[in-house]
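Peer 1: Any chance you could fold what I've pasted below:
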Amino acid sequence: MQAKEIVAFTENAAMPILEKNGLEFVDCEFVKEGSGYYLRLYIDKEGGVSIDECELVSRALDEKLPEDITDKAYILEVSSPGIDRILKRDHEYIKYKDRDVEVKLFKAVDGEKLFEGTLIGLIDGKVVIKNNDTELSFDKKDVASTRLAVKF
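Peer 2: Below is the predicted model:
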């Protein structure tokens, strides 16, 4: 299977496990890092997920994944997306409205590639944030990542 197919299969296999345990699917990826491959499933719930929940999903998912899902040796990881999560799906721009975010662009605008502000949302294909009293808007295709900002 190709990476896209592995991700789709894993997502479909994980959904009943997540629903049964009151957990939310966030993302899935099959990536090469260094000399190894990783199949990562990111899960969440209101208030965050515990290590026990990650372990439960990992064990249940491991039983559902066929041994021949790929001809490459890989490590299955199930984890939280973290407090500085990247927003990847459109519905997350609704869920995290009014939160502080960092928007990183592929190409600089006025010499800057990183912008911080309060997320207004994803409106007509544009990531919109408010920085002080200024509203900034970026075409989603020009955005490398939108990440929840961590403030201490």
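Peer 1: Which residues in the worst-scoring helix or strand of the chain on mean pLDDT does the neighbour count mark as buried?
Peer 2: Lowest by mean pLDDT, DSSP states H and E among the helices and strands of the chain is helix 90-95, with a mean of 91. Judged by neighbour count (16 or more other Cβ atoms under 10 Å), helix 90-95 contains these buried residues: Glu92, Tyr93. For the C-beta atoms, the positions are set from N, CA and C on the backbone; glycine is no exception.
Peer 1: other SSEs contacting that helix?
Peer 2: Secondary-structure packing of helix 90-95 (3 or more Cβ pairs under 8 Å, 6 or more residues apart in numbering; DSSP states H and E): strand 112-123.
Peer 1: mind listing what's buried in the helix or strand immediately after the strand it packs on in the chain?
Peer 2: Downstream of strand 112-123, the first helix or strand assigned by DSSP states H and E is strand 126-131. Buried residues in strand 126-131, counted by 16+ other Cβ under 10 Å: Lys126, Val127, Val128, Ile129.
Peer 1: can you count the residues close to the residue nearest to the last one when sequence neighbours are not counted?
Peer 2: The one in question is Ile129. Excluding the flanking residues, the one nearest Ile129 by Cβ to Cβ, 6 or more residues apart in numbering is Gly117, at 3.5 Å. For Gly117, the tally of surrounding residues (other Cβ atoms under 10 Å) stands at 18.
Peer 1: rewinding a little: what's in contact with the helix or strand just after the least confident helix or strand of the chain?
Peer 2: Using DSSP H and E, the helix or strand that follows helix 90-95 in sequence is strand 100-109. Strand 100-109 has contacts (Cβ atoms under 8 Å, 6 or more residues apart in numbering) with 87, 112-119, 127, 129, 136, 138, 142-149, 151.
Peer 1: Just the buried residues from those, in PyMOL please.
Peer 2: Command for PyMOL that selects the buried part of the contacts of strand 100-109, burial taken from 16+ other Cβ under 10 Å:
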select buried, resi 87+115+117+118+119+127+129+136+138+143+146+147+148
